[in-house]
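In: model the following, please.
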Amino acid sequence: AAVQRESVWGAGTDEEPFMLASKAGSEDALGKNKTSKDTWEQAFLSANRHGLPELTSVIKARQALRHANMGYIDAARQEATTALGLPGERSTRSLAALAFAQIGDSAKAQKLMDDLSREFPSDTFVNLYFRPVVQALNALQRNSPADAIAALEPTRKYESITGPDIPVYWFAYVRGQAFL
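Out: Here you go, the predicted structure:
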């Protein structure tokens, strides 16, 4: 109810795309897949209307990751490719790399992370969050769980971080997958 109230409050304001993205994420967490898909699209359109091109690319990348997590490989690939074609920077490319790694496109995921690491060698989120998670997912694709666990080791001190474009559960999720 509170999320609905806040999204109504934000309707038509500059906060609308952010509120809609937050609402979509909440709907995802509740398993409301159809509603969430529609809300993500509303957030994307709202970000376009409000002239927020980088947010539109982040929303598309988050949609790609959402589809990847649900096993919708073609939709994930399409959304990630669309996101990369929009104006965007680290967050978009990092989220797209996660999506590509999750659907098994290890080469594309690794290239994105290698490029980001070269461009942003001091960026903590790129190099100590996203890169190890992508490497771990790629190791799982090669059926190398020990390599996945080793790739995640540097992330331990960052496991409690959070932020608007940081899927906070990835460390635990990927480590758990490696132990299965």
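In: need the contact partners of the host helix or strand of residue 173.
Out: In the assignment (DSSP states H and E), residue 173 maps to helix 170-179. With contact meaning CB atoms under 8 Å, 6 or more residues apart in numbering, helix 170-179 is reached by 98, 133, 136-137, 139-140, 145-146, 148-149, 152, 155-156, 158-159. Backbone N, C-alpha and C define where each C-beta goes, glycine included.
In: buried ones among these?
Out: The neighbour count (16 or more other CB atoms under 10 Å) marks 98, 133, 136-137, 139-140, 145, 148-149, 152, 155 as buried among those.
In: adding distance to residue 76 and secondary structure, write these out as JSON lines.
Out: As requested, the buried ones among the contacts of helix 170-179 are exported to JSON lines (distance: CB to CB, whole Å; DSSP: H, G, I helix; E, B strand; the rest coil):
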{"residue": "98", "distance to residue 76": "10", "secondary structure": "helix"}
{"residue": "133", "distance to residue 76": "16", "secondary structure": "helix"}
{"residue": "136", "distance to residue 76": "18", "secondary structure": "helix"}
{"residue": "137", "distance to residue 76": "13", "secondary structure": "helix"}
{"residue": "139", "distance to residue 76": "19", "secondary structure": "helix"}
{"residue": "140", "distance to residue 76": "16", "secondary structure": "helix"}
{"residue": "145", "distance to residue 76": "23", "secondary structure": "helix"}
{"residue": "148", "distance to residue 76": "20", "secondary structure": "helix"}
{"residue": "149", "distance to residue 76": "25", "secondary structure": "helix"}
{"residue": "152", "distance to residue 76": "22", "secondary structure": "helix"}
{"residue": "155", "distance to residue 76": "23", "secondary structure": "helix"}
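In: the residue nearest the centre of the chain and residue 57, how far apart?
Out: By CA atoms, centre = their mean, the chain has its centre lying nearest to residue 95, at 3.7 Å. From residue 95 across to residue 57, the span is 9 Å (CB to CB, to the nearest Å).
In: intersection of neighbour lists for those two?
Out: With CB under 8 Å, 6+ apart, residue 95 and residue 57 have common neighbours residue 83.
In: circling back to that earlier point, can you tell me the element the residue nearest to the centre of the chain falls in?
Out: Assigned by DSSP H and E, residue 95 falls in helix 90-102.
In: now that helix against helix 170-179, angle please.
Out: 10 degrees (axes from the mean of the first three to the mean of the last three CA atoms, to 10 degrees).
In: roughly how far is helix 90-102 from the heart of the chain?
Out: Relative to its chain's centre, helix 90-102 lies at 6 Å (CA atoms, centre = their mean, to the nearest Å).
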